[in-house]
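Colleague: one predicted model, sequence on top.
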Amino acid sequence: MSSLDSTQSRIAAQLNAFKVAAIQMASGPKVEGNLSEARRLIAKAAEQGAKLVVLPEFFAIMGMNEQDKVRVCEQPGQGPIQAFLSEMARKHKIWLVGGSIPLAASSPEKVRNSLLVFDETGVQVARYDKIHLFNLTLGNESYNEAQTIEPGDKIVVVDSPFGRIGLAICYDLRFPELFRAMKNVDIIVLPSAFTATTGKVHWEPLVRARAIENLSYVIAAAQGGYHVSGRETHGHSMIVDPWGRIVDELQRGSGVVIADVNPSYQASLRNSLPALSHRTITCSCCEKV
C-alpha cells in the first residue's frame, strides 16, 4: 500500500469516529452547588465536541453522612436533579449519562443508586440500578452501602447511535460476570466514587481489564478529591480503548476527560482477535440478556 493509500485509509477509518467525555467532580453536600459545577463541566465537554457525556456516581450529592442522600432522593420522572439532566442533554444536544442519583426505594429509609441515560432531546431512555453494593472495613475506614441503598437486580444495555452501551456503577467493576452478561457491548459507562484506599491499587487495572476482556471502550467517570465530609475519593477518571490503552485521564479535581471512539478501529480489533466468539464456558447469568 502506498503512503497516499495508507493516509486515505486512516482518514476513512476516522470518518465514523465521535467524541465522548467523562466528567470528574469532588461533589459536596449541597445539591445546588454540585449541579452548578456539573453544568459548567457538561458545557465544557460539549464545547470540545463530545456527543456522549458521563457524570460520576452521586454527582449531585456527596453528603456529610450516608442519610443525606436519602433526604434528597427523588421519585422516578420528577425532581430537580432529573430535570437538570434532561435540560442539559437537550440544550447541548448530547447523550448524557447522569452518573447516578438517589431515587426512591421500596423502603423510605433507603434509596436506589440509579444511573439514568438521556438522549439528545432530553428524553430518558434507560435506567440502571446499581446491583453490587460496596462493603469495606479496613483500618479506620468503614463502608456499608446496604444500610442506605436498595440493590437493583437487572442488567441494562441500551442501544444508541453510538452502539450498544452497557451500564454499570463503581463497585460493579469488580464483577466481570456482569459485563459478560451484557453480551458484546461497544461501550461500557462506569460512573464511580472509588475510595482513595482501594483505588490506588485496584482502579486502573480493573478498568483496563474490563476494556480488554470485552474489547470495549470504557468511559470511567469518577469522583476525585477531598470531600467536605472528610472522605477522599481516588479520581483518575479515564477513557480506555478496546486494546486496554488509556486514551485520556485526569488524576484529581474537577475537569473533563475526552477522547475519540472509533468503531472501525474497534471492529478491526475484534476481527483480529475474535476472543468474544471463542468463549466456551458460560454461566447462567450470561444467558439472561
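Modeller: That came in fine, so what should we check first?
Colleague: low pLDDT regions in this structure?
Modeller: Applying pLDDT under 70 to the chain flags the ranges 1-15, 283-289.
Colleague: can you give me the helices in it?
Modeller: When secondary structure is read from DSSP state H, the chain shows helices at 3-14, 31-47, 68-71, 80-92, 176-181, 196-214, 263-272.
Colleague: quick one: which of these is nearest residue 123?
Modeller: Between residue 123 and the helices of the chain, the shortest separation by CB to CB is 7.5 Å, and it involves helix 80-92. C-betas here are computed from N, CA, C, even on glycine.
Colleague: mind giving me the packing neighbours of that closest one?
Modeller: Using 3 or more CB pairs under 8 Å, 6 or more residues apart in numbering; DSSP states H and E as the contact definition, the elements that helix 80-92 packs against are helix 31-47, strand 95-97, strand 101-104, strand 111-118, strand 124-129.
Colleague: redo the helices of the chain as JSON lines? Include mean neighbour count and distance to residue 189.
Modeller: Formatted as JSON lines, the entries for the helices of the chain read as follows, by neighbours: other CB atoms under 10 Å; distance: least, CB to CB, whole Å:
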{"stretch": "helix 3-14", "mean neighbour count": "10", "distance to residue 189": "23"}
{"stretch": "helix 31-47", "mean neighbour count": "18", "distance to residue 189": "14"}
{"stretch": "helix 68-71", "mean neighbour count": "18", "distance to residue 189": "20"}
{"stretch": "helix 80-92", "mean neighbour count": "19", "distance to residue 189": "14"}
{"stretch": "helix 176-181", "mean neighbour count": "18", "distance to residue 189": "12"}
{"stretch": "helix 196-214", "mean neighbour count": "18", "distance to residue 189": "11"}
{"stretch": "helix 263-272", "mean neighbour count": "14", "distance to residue 189": "15"}
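Colleague: reformat those into a markdown table and put distance to residue 22 next to each item.
Modeller: Listed next are the helices of the chain as a markdown table, based on distance: least, CB to CB, whole Å:
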| stretch | distance to residue 22 |
| --- | --- |
| helix 3-14 | 21 |
| helix 31-47 | 9 |
| helix 68-71 | 22 |
| helix 80-92 | 15 |
| helix 176-181 | 17 |
| helix 196-214 | 11 |
| helix 263-272 | 18 |
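Colleague: out of the ones you listed, nearest to residue 244?
Modeller: Ranking the helices of the chain by their distance to residue 244 (criterion: CB to CB) puts helix 196-214 first, at 4.1 Å.
Colleague: got the contact list for the closest one?
Modeller: Residues from elsewhere that reach helix 196-214, judged by CB atoms under 8 Å, 6 or more residues apart in numbering: 136, 138-139, 141, 173-174, 176, 179-180, 182, 184-185, 188, 190, 192, 194, 216-218, 220, 222, 232-236, 238, 240-244, 246, 275-276.
Colleague: of those, buried ones?
Modeller: 173, 179-180, 182, 185, 188, 190, 192, 194, 216-218, 220, 222, 232-236, 238, 240-242, 244, 246 (16 or more other CB atoms under 10 Å).
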